[in-house]
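Chemist: test case, fold it:
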Amino acid sequence: MGDRFLHNTAGQYGRVSAVIGVSILTILNGEDHLIGLELYHSFSLTGIHGDKSIHESTLEGKMEEENLKWMGIGVAVIAIIITAVIWLYCNFTSVKRDVVAFIGLSNGGKTLIFHRLTSSDYVDTYTSIKENTGIFKDKNEGARYLHLIDIPGNDKLRFNYIRNQVSSLKGIVFVVDSLNIQRELRDVSSLLYDILANKVVIKNKVPVLIACNKQDGTTAKSQKVVIKLLEQEMDKLRITRTAALKDGNDNSEEAVDFIGKKGKDFEFSHVMPVRVTSTECNAKGDNESDADLTGVREWIIKLL
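Modeler: Predicted structure coming up:
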């Protein structure tokens, strides 16, 4: 009688413990209530029949399932942490591309365009020995902004900037003097070729805007004429540049050996993945309304 009482008490204790344990696991892990009922039933049988081996095997099985479950959660947490670390590393070690550079030969008007876009003022410009920097904002774009940099027209200074800072570029405004394009065609084309063949520019798909400036001049060439002249000259230039790179007489580490489509005359539309577009502009005038930089401004706004 005493043994049976102890046996039944142990069975009742086992059932109560099982219900409490399963309830906790159900709350913590979001398990279906049927699992709790299943485990309750198992332990009820244990309490009635007093089968210790069934009790232990059931408990061990459930513990093993629980361990596997927590191991899975642990693996998932570790994977999330590793992903977060990689994301943080990539974002904090990569160069932020938020710069629009104004590049071109000296006296092409790029510095005046730069000042018009950053301060709206007309200034008397002169040949710079270092870059000018400013902020471009648009009232319709909220707090977003870009850094504008006017690169000196001096060959050495310009080359050093392109070499050292090209990875930060969001876009390039290539300023052309539409009044003197025929006289400067060779030098303008050579500089533009350097930019379009730059491996970093190609890798980052940096868009290029050819700004045909000084359109207020009576003898200025139109945008269509300027682009045609540049394409024809760059077609010739491509032959000599490609040969020089193959012979190892040029900077092959920084430039690709060919731009455009092989077997086709050079066209800016063939320079992929870099997107080259063009616009007419005029930065002169005492007031902002006297200038016309609509095409340049709209192009930069799209980069915001």
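
Chemist: got the end-to-end distance for stretch 113-131?
Modeler: By C-alpha to C-alpha, to the nearest Å, the extent of stretch 113-131 from end to end equals 14 Å.

Chemist: and for stretch 271-291?
Modeler: End-to-end distance of stretch 271-291 (C-alpha to C-alpha): 31 Å.

Chemist: just the buried residues of that stretch, please?
Modeler: For stretch 271-291, the neighbour count (16 or more other C-beta atoms under 10 Å) marks 271, 274, 276, 278-284, 291 as buried. For glycine as for every other residue, the C-beta is placed from the backbone atoms N, C-alpha and C.

Chemist: which ones among these are found in helices?
Modeler: Assignment to helices by DSSP state H places none of the buried residues of stretch 271-291 there.

Chemist: from the residues you listed, pick the one nearest A84.
Modeler: Using C-beta to C-beta, V274 is the member of those that lies nearest A84, at 33.4 Å.

Chemist: neighbours of the residue nearest to T118 when sequence neighbours are not counted, just the number please.
Modeler: Take T118 and drop its neighbours on the chain: the residue closest to it by C-beta to C-beta, 6 or more residues apart in numbering is G134, 3.2 Å away. By the criterion of other C-beta atoms under 10 Å, G134 has 14 neighbours.

Chemist: do the same with N132
Modeler: Per other C-beta under 10 Å, the neighbour tally for N132 reads 17.

Chemist: out of everything not next to it in sequence, what's closest to G104?
Modeler: Once flanking residues are discounted, G104 sits nearest to V175: 3.6 Å by C-beta to C-beta, 6+ apart.

Chemist: the one you found pairs with what?
Modeler: Note on V175: beta-bridge partners A211, judged by DSSP bridges.

Chemist: from now on call the first residue 454
Modeler: With 454 as the first residue, the last one maps to V628.
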